[in-house]
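Asker: Prediction below, plus the sequence it came from.
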Amino acid sequence: MPQIEVKLKDRAYPVIIGGGQIKHLAAFLKKHAPDSRVFVFYDARFYALHRPTVKRALKLPRARLFELALPPGEKTKSLTHAKKIYDILLGEKITRSDFILACGGGVICDLVGYVAATLLRGIPWATVPTTLLAMVDAAIGGKTGVNHGRGKNLIGAFWQPKFVLCDPRFLNTLPPRQMVCGLGEIVKYAGLTGYKILPQLKKYLEKSDFYNERMLTRMIESNVAYKAGLVAEDERDEGKRRFLNFGHTFAHAIENAAGYGRLLHGEAVILGVATAVEAGILRKPESERYFKEYSALINDMMNLAPRRRLELDKIMTAMAWDKKRNTQRARFVLLSRLGKPFITDDLDKNIVKKALSKMLSKYQTGGGQYA
Ligand SMILES: NC(=O)c1ccc[n+]([C@@H]2O[C@H](COP(=O)([O-])OP(=O)(O)OC[C@H]3O[C@@H](n4cnc5c(N)ncnc54)[C@H](O)[C@@H]3O)[C@@H](O)[C@H]2O)c1
Ligand SMILES: [Zn+2]
């Protein structure tokens, strides 16, 4: 079966990727939780659509299986929900020889992973990511956490799963806007990896079939392979793993400036990546020739994000509050050419402003498909 390994010495684990691969769930559970109880937490929307498939694949007797559906949405990623889960699990007298399974998008992976990391100082867990964004990003790498009133992901822990099982067939029910969110992270990876993911993404978009299983599987594999490499080198996000923030300093400010929830995270990432490329070119105009193909692809992708009123000044103000700011200045990941990221906290304010306004002028003439 197709798998990619996250090579973390004694904590190495496989990411299984492929249509129909959910059928191997029981075998993985047997390996990691041969006699234990398995506590499965689902995103409620996913549960309503796919629970029978997962239940069949679990192959567990009733006495060893506990299932609970959690409300969908970012608000669920909170200490309030973590506590509810702690209460339930402690009520069930969970021990460290039991096992936790998260089935859902990034929200469920982050929340349930955080509970697994912290309860009894760590319970073994695994994830079945069910959104494109979670398959290529959130479920890989063991970053778990919840939000705080003061900001996103402020409370968290590193806790690697025992396996990750990505079955792209689950994506058949994912709404188009959520697919676009995953594509936002994929276009980020395309810039970071150079000519590996770019041609795959281009072909996929040309085909205009968001749900093409074969193409999705290949793209997910390439993205996971790249992220797994970064995580293996820099598990705790102190070096190269930070490349994954490419486009994100801008994206967070754009998300804020649009107004809470008006642009989804992955949609803002498309605009953030567009701005980061512009900023790199403004900094070194001679590098423009390296970005022709990539810029054209990003421009097309901006049309997939709904058109929202975005004001340059508002975005600039929001930048100062970015949580990745280093003292007074924001930290940026830019590309010197395709596939060559670097980190800088020294980007001229005028360049930031110009890059944003270039991005905005392109965005404002397109967009709106799934609004
Ligand atoms: N830990 C990390 O490294 C990491 C990385 C990136 C993002 N994240 C986090 O991930 C979260 C976003 O994740 P997301 O984009 O997956 O959002 P999400 O978990 O909110 O899911 C999006 C929507 O899709 C629905 N859904 C899930 N699976 C479905 C399916 N198969 N069919 C139909 N509907 C389905 C959900 O009910 C929800 O409404 C954010 O909180 C972000 O901070 C974490
Ligand atoms: Zn992101």
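Answerer: Cool, the structure landed. Ligands and ions are numbered 1, 2, ... in the order given.
Asker: Okay, strands next: where are they in the stretch 1-150 of the chain?
Answerer: Using DSSP state E, counting those that start in this stretch, the strands of the stretch 1-150 of the chain run over 3-6, 13-17, 38-43, 65-70, 99-104, 125-129, 143-148.
Asker: tell me what the helix ranked longest in the chain is packed against?
Answerer: For the chain, the longest helix by residue count, based on DSSP state H, is helix 213-233. If contacts are counted by 3 or more C-beta pairs under 8 Å, 6 or more residues apart in numbering; DSSP states H and E, helix 213-233 sits against strand 3-6, strand 13-17, helix 176-193, helix 197-207. In short, each C-beta sits where N, CA and C put it, glycine included.
Asker: what's the most buried one of the ones you listed?
Answerer: Stretch with highest mean neighbour count among these: helix 176-193 (a mean of 24; mean count of other C-beta atoms under 10 Å).
Asker: could you give the angle of it to helix 197-207?
Answerer: Interaxial angle, helix 176-193 versus helix 197-207 (axes from the mean of the first three to the mean of the last three C-alpha atoms, to 10 degrees): 150 degrees.
Asker: circling back: mind checking the helices and strands packed on helix 213-233 for the one nearest to residue 352?
Answerer: Closest to residue 352 of the helices and strands packed on helix 213-233 is helix 176-193 (C-beta to C-beta; 17.9 Å).
Asker: Output the closest one as CSV, nothing but the C-alphas.
Answerer: C-alpha atoms of helix 176-193 as CSV (Å, rounded to 0.1, in the frame of the first residue of the first chain):
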residue,chain,number,x,y,z
PRO,A,176,-15.9,23.3,-3.4
ARG,A,177,-14.9,26.2,-1.2
GLN,A,178,-13.2,23.8,1.2
MET,A,179,-11.4,22.2,-1.7
VAL,A,180,-10.1,25.6,-2.6
CYS,A,181,-8.8,26.0,0.9
GLY,A,182,-6.7,22.9,0.5
LEU,A,183,-5.6,24.2,-2.9
GLY,A,184,-4.4,27.4,-1.2
GLU,A,185,-1.9,25.3,0.9
ILE,A,186,-1.0,23.3,-2.2
VAL,A,187,-0.1,26.4,-4.2
LYS,A,188,2.1,27.4,-1.3
TYR,A,189,3.9,24.0,-1.5
ALA,A,190,4.2,24.5,-5.3
GLY,A,191,6.3,27.6,-4.6
LEU,A,192,8.4,25.9,-2.0
THR,A,193,9.2,22.8,-3.9
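Asker: when you give positions from now on, start the count at 159
Answerer: In the new count, where the first residue is 159, that last one comes out as helix 334-351.
Asker: counting contacts, what elements does it pack onto?
Answerer: Other elements packing on helix 334-351 under the criterion 3+ C-beta pairs under 8 Å, 6+ apart are helix 290-291, helix 355-365, helix 371-391, helix 423-441, helix 450-460.
Asker: Residue 164 is nearest to which of the ones you listed?
Answerer: Closest of these to residue 164 is helix 371-391, at 4.5 Å (criterion: C-beta to C-beta).
Asker: Only C-alpha atoms, please: export that closest one in PDB.
Answerer: Output of helix 371-391 as PDB, limited to C-alpha atoms (Å, rounded to 0.1, in the frame of the first residue of the first chain):
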ATOM      1  CA  GLU A 371      -9.200  11.000  -7.400                       C
ATOM      2  CA  ARG A 372      -6.100  10.000  -9.300                       C
ATOM      3  CA  MET A 373      -4.800  13.600  -9.600                       C
ATOM      4  CA  LEU A 374      -5.700  14.400  -6.000                       C
ATOM      5  CA  THR A 375      -3.900  11.300  -4.700                       C
ATOM      6  CA  ARG A 376      -0.700  12.300  -6.600                       C
ATOM      7  CA  MET A 377      -0.800  15.900  -5.300                       C
ATOM      8  CA  ILE A 378      -1.400  14.800  -1.800                       C
ATOM      9  CA  GLU A 379       1.500  12.400  -2.000                       C
ATOM     10  CA  SER A 380       3.900  15.100  -3.200                       C
ATOM     11  CA  ASN A 381       2.800  17.600  -0.600                       C
ATOM     12  CA  VAL A 382       3.000  15.100   2.200                       C
ATOM     13  CA  ALA A 383       6.400  14.000   1.100                       C
ATOM     14  CA  TYR A 384       7.700  17.500   1.200                       C
ATOM     15  CA  LYS A 385       6.200  18.300   4.600                       C
ATOM     16  CA  ALA A 386       7.300  15.000   6.000                       C
ATOM     17  CA  GLY A 387      10.900  15.900   5.000                       C
ATOM     18  CA  LEU A 388      10.700  19.300   6.700                       C
ATOM     19  CA  VAL A 389       9.200  17.800   9.900                       C
ATOM     20  CA  ALA A 390      11.900  15.100  10.000                       C
ATOM     21  CA  GLU A 391      14.600  17.800   9.900                       C
END
